[in-house]
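Novice: The sequence and its predicted three-dimensional model are supplied below.
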Amino acid sequence: MPFPVYSRSAPLKEHVGPVHVVRYNTTGQYVLSGGQDRKIILWNPNSSKLVKSYSAHGYEVLDIAVSYDNSKFVSCGGDRTIYLWDVTSGSTTRRFSGHMSRVNAVDFNADASVIASGSYDAKVRLWDTKSSSQRPIQLLEEAKDSISSLQVVGSQIVTGSVDGYVRVYDLRMGQLFEDLIGHPVTSVKDSTDSACLLVSALDSTIRLMDKSNGTMLQSFKGHLNKEYRVRSSFGDNDVYVISGSEDGKIYVWDMLSGRIVHELKGHGEKVVSCVAYHPKQAQMISCGTDGLIQVWDYT
Amino acid sequence: MSRKRPLSTAQSGSTNAESVFLGTPIADADENAFTPVWKQEARDERGRKRFHGAFTGGFSAGYFNSVGSSEGWTPSTFKSSRTARADKKVFRPEDFMDEEDLAEQRADERLVAAAPFSSISASSTQSASGTDVQDLLRGGRGGESMGYELLKKMGWKPGFGIGAAKSQVVAGRKVMMPPRADETAMSGIRLTQKLDTHGLGYDSAMPSLRSSDKISGAPGGWLAPGTISKKKNSGIGVGVVNEYEDGDDEDPYEIKPIVYDRVLGSKKQKGLGSGASKHMFVSKNKPKLMSSLSSSGATSTTAPKSRRCHDGRLPLSGFVLVTSGSLSTSSILTGEKEYAPPSIPETYISGILIMRDPHTVITAELIADFERSRKSSSSVFPVPSSSATQQQRLTASERSRILGSTQDHLQGKSVFDYMTPAQRERFAKVTGNQNLPPAKSEVVPTSSNADHISGERNVAALLELIPTLDKSQASTALSAGFMPYADDAEKRSRYITYLESQSGTRRLTDVLAFAKSGDSDTATGKLRLEDWMRELKEFNKAAGLFRPLKGMLRNRFTSSANASTTKTSVVDDDNTVLLQGTDLKKGLTHRDDVRAAEMGMYGPLTRRVSAWAPSSLVCKRFGVRVPNVSAIEISGGSVESTAAAREKLELLSHQKLLDIAKDADVSEEVTKRLQDKNISSGGPKIDVEVNEALEQKKAPRDLFLAVFGDSDDDSEKE
């Protein structure tokens, strides 16, 4: 599949201020974006139309995760709370608060029964969506610094922390694997086959780590990532590695060779904070601090 | 309507009288005469209403029917004897008498003079009326006076004195007895002839109300200070406006013209008192002690003029002033014993001697010199009270000599004092200033000979210098989990030593070991005395600073990956999530895994595996069986094997690091150090690619069978 290198002439411009996160739903029909303006907006990426706007957060929205059935999504942000939303009604169904500071990352487990949230307070909290309890069902305190990124993969919880570690909590084995990256980790992303981890760090390097033994399989360089949380992503069934950059470009690497395939300009000079690749088609969305959401197509 | 002519008028019509009576004359006495029957009230002879109660015609023997109570026959309400115990009423016969009986009783009563007074009454008729009272006092029966009788009635017995009962031993028992007549001698009662016209009970100590006392010669008839020496009593109700100039001799009850033209606190200073005097707050109610005070050689404290404060004002009422020159008087006044200050032992050295100058190192000569100077002249320590001017006259160098400093005397000198004339010439040439002070070419005193610590006494003196820390504080600082000075391992060890010495787990002298014993001693890890002192003070502060956070507060923080990571993640101006931890590696470079990560050698070196127990609910939600973490730990499967693996990997890593270092042309030192380390550890040949520990073979099947297998199954299979 060709890589989507062409951005639309009219980017989605509904957010005021930086956009922190963009996410496709599981089918790729819709896009959820959250920004500094405390709003979460549901888009149709094909028509570039706004579908719905969700507002409950008191501070910026930092991460969004969509449940497997697309009926609900979870968001977290600077107000230290995690909201569970009903997509159709647009109302919050649950509210989880317990983190001591802003929540950077959030994710569902496979059946959306547990929400994992990682916060600036260096803790990961697991929330039960099925019970009405307000307390987290488990607290993961191994990180020594802010949790910047988090993903629940099967029975594993993968966290990236500013203390330079990628931690894999394996529930099945009852073990914790801590892999030292040596630089503050800004993003962790599991590969489709769940064998590798794509780890972005603040040394302007993205590493492909083998989950089984912690060795580095490939490294991707060329972009600029020194200060900000810039998220990386796999693209097109792990053929590509895509990442934003602090120089306003989007870099695309070939996963196997590690060479830069594309450098896409779409956000001026501003930081491209998040990219997301369509789960099925050749489409990509990116967002940045310029407040724009670009949709990339291959034609 | 025509009126009927009454009969009387008709009858008297013939008389043709002018005044005509119409109607029936009203009966004066009987009010009921013209009231209807139902309105009439029955009244008794005193005019009181006779009948009360139902329909006003009914009979109710109430109070006025002489039943004796206003309630009549209605019983009194029940009173519980539990709360109000029945009072034992004493009934008199009169209580049961009716009016008739009482009247009879009253008729029977006759006033009769009592027998004892019959004679008096009889005599009084004979004697003159003016002497009646005297007779009465003189006594009744047996010639005893009235007072005698009264005393006897009060319990006094003839032969005993008057006064408070005293304890006496009577027949081996202690009893309270009135004083004997001989020992009293009326000592407590002053019998003075009353010549004045004051009322009974008048106390002369009380302020007089007679104005004649005050008009004693003072102009204007008002009191001049000192004219009348009266006892002062503090009185209540003394207003400000009534205050007289000399409050000392003031009569609080005196009625004076109110002065309105006065300003509070604007009294002129009437000359300063002695500068050495100060307020001593002593109760005035000890006049005897006051007199002893004056006799004890103090400046005439009783004289009212000298008892002013240094600002010329009088002390507060209720207090007297005591001069500090005779401080012992305070002890007299307060009644406390006074002890001489303890004598200073001969071997005592003032701590100032060292503290003044950190460069100074105590030597035997120095101590001897110091003691000599101390013995030779007592003026070395000027008594502060002797005079302030003497203190002021001391120069800086003198003071430094007193304080035992050896180098402070340099302060008074200029550079030129140590210059040779040739040097001065050159200096003048360079500066172009010929007007320089003369060069004296003095020899700069060196302290090299004094730079070694010797003698137990010096050690003790140094130990005193070590700043003390609370024992508990030291131990908490030790167990805080966080140690400052992560960047300086030596300093940290010194810090730990200091804490341990303060917490009591280590001897105090261990801290001294870090102090350099002299210039010649170039041993590493030792400090100059000055630095050593400064560092100890720093440690003392640091220990107080790095206290462990407790409880809830502690939960709110997390210890950073390392101490030097200052800024990790913030939101910048652009409101973007900013992650900053670039100096993360700074403090971790000594760790192998960090070094490996830096070199890109990710893998077993950078991986850490530990047991982690997910909660059962999480496992349930994830659809995962709860892992038996404890079994993993006990069997030592992965966790311990990783420990073993790490040990081997360390060797491995050294080998690989060595290669990489060679390739990457790292500085020789690193290579050498790595080589040394490798040699010391034996450096066995290890295959880099294969990690035995991690790739442990599964235990043989026999073992599993032996442990888990059923013996019956085995037999069946066989």
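Specialist: Nice, I can see it.
Novice: where does A:V21 land in three-state SS?
Specialist: strand (DSSP: H, G, I helix; E, B strand; the rest coil).
Novice: Report the separation between B:P36 and chain A.
Specialist: Plainly put, B:P36 is 89 Å away from chain A if you go by CB to the nearest CB, to the nearest Å. In short, each C-beta sits where N, CA and C put it, glycine included.
Novice: contacting residues for the residue lying closest to A:Q283 once chain neighbours are set aside?
Specialist: Spatial nearest neighbour of A:Q283, excluding adjacent residues (CB to CB, 6 or more residues apart in numbering or on different chains): A:P4 at 5.5 Å. Residues counted as contacts of A:P4 (CB atoms under 8 Å, 6 or more residues apart in numbering or on different chains) are A:A282, A:Q283, A:M284, A:W296, A:D297, A:Y298.
Novice: Please apply the same query to A:P11.
Specialist: Contacts of A:P11 by CB under 8 Å, 6+ apart are A:G266, A:L292, A:I293, A:Q294, A:V295.
Novice: same thing but at 6 Å, please
Specialist: Counting by CB atoms under 6 Å, 6 or more residues apart in numbering or on different chains, A:P11 touches A:L292, A:Q294.
Novice: For chain B, see how far away it is.
Specialist: A:P11 is 18 Å from chain B, by CB to the nearest CB.
Novice: just A:D203 next, same as before
Specialist: Counting by CB to the nearest CB, the gap from A:D203 to chain B is 8 Å.
Novice: Local confidence estimate at that residue?
Specialist: Predicted confidence (pLDDT) for A:D203: 89.
Novice: so what's it closest to, chain neighbours aside?
Specialist: In space, A:D203 is closest to A:H183, 4.3 Å off (CB to CB, 6+ apart).
Novice: what number of residues lie near B:G155?
Specialist: 8 (other CB atoms under 10 Å in any protein chain shown).
Novice: so who does it touch?
Specialist: Going by CB under 6 Å, 6+ apart, B:G155 touches no other residue.
Novice: Could you verify that it is part of a helix?
Specialist: No - under three-state DSSP, B:G155 sits outside any helix and is assigned coil.
Novice: if we can go back for a sec, pull out the buried members of the contacts of A:P4.
Specialist: By neighbour count, with 16 or more other CB atoms under 10 Å in any protein chain shown, the contacts of A:P4 hold A:A282, A:Q283, A:M284, A:W296, A:D297 as buried.
Novice: my read: the third one touches A:G266, true?
Specialist: So the one you mean is A:M284. No - the pair A:M284 / A:G266 is not scored as a contact, 10.0 Å apart, by CB atoms under 6 Å.
Novice: hang on, the earlier thing: mark which of the buried ones among the contacts of A:P4 are part of strands, please.
Specialist: By the criterion of DSSP state E, membership of those in strands covers A:Q283, A:M284, A:W296, A:D297.
Novice: does the residue nearest to A:D203 belong to a helix or a strand, and which?
Specialist: Following DSSP states H and E, one finds A:H183 outside all helices and strands.
Novice: you'd agree it is up against A:A201?
Specialist: Yes - taking contacts as CB under 6 Å, A:H183 lies within contact range of A:A201: 3.8 Å.
Novice: Mind telling me which residue of chain B is nearest chain A?
Specialist: B:P627 (2.8 Å; CB to the nearest CB).
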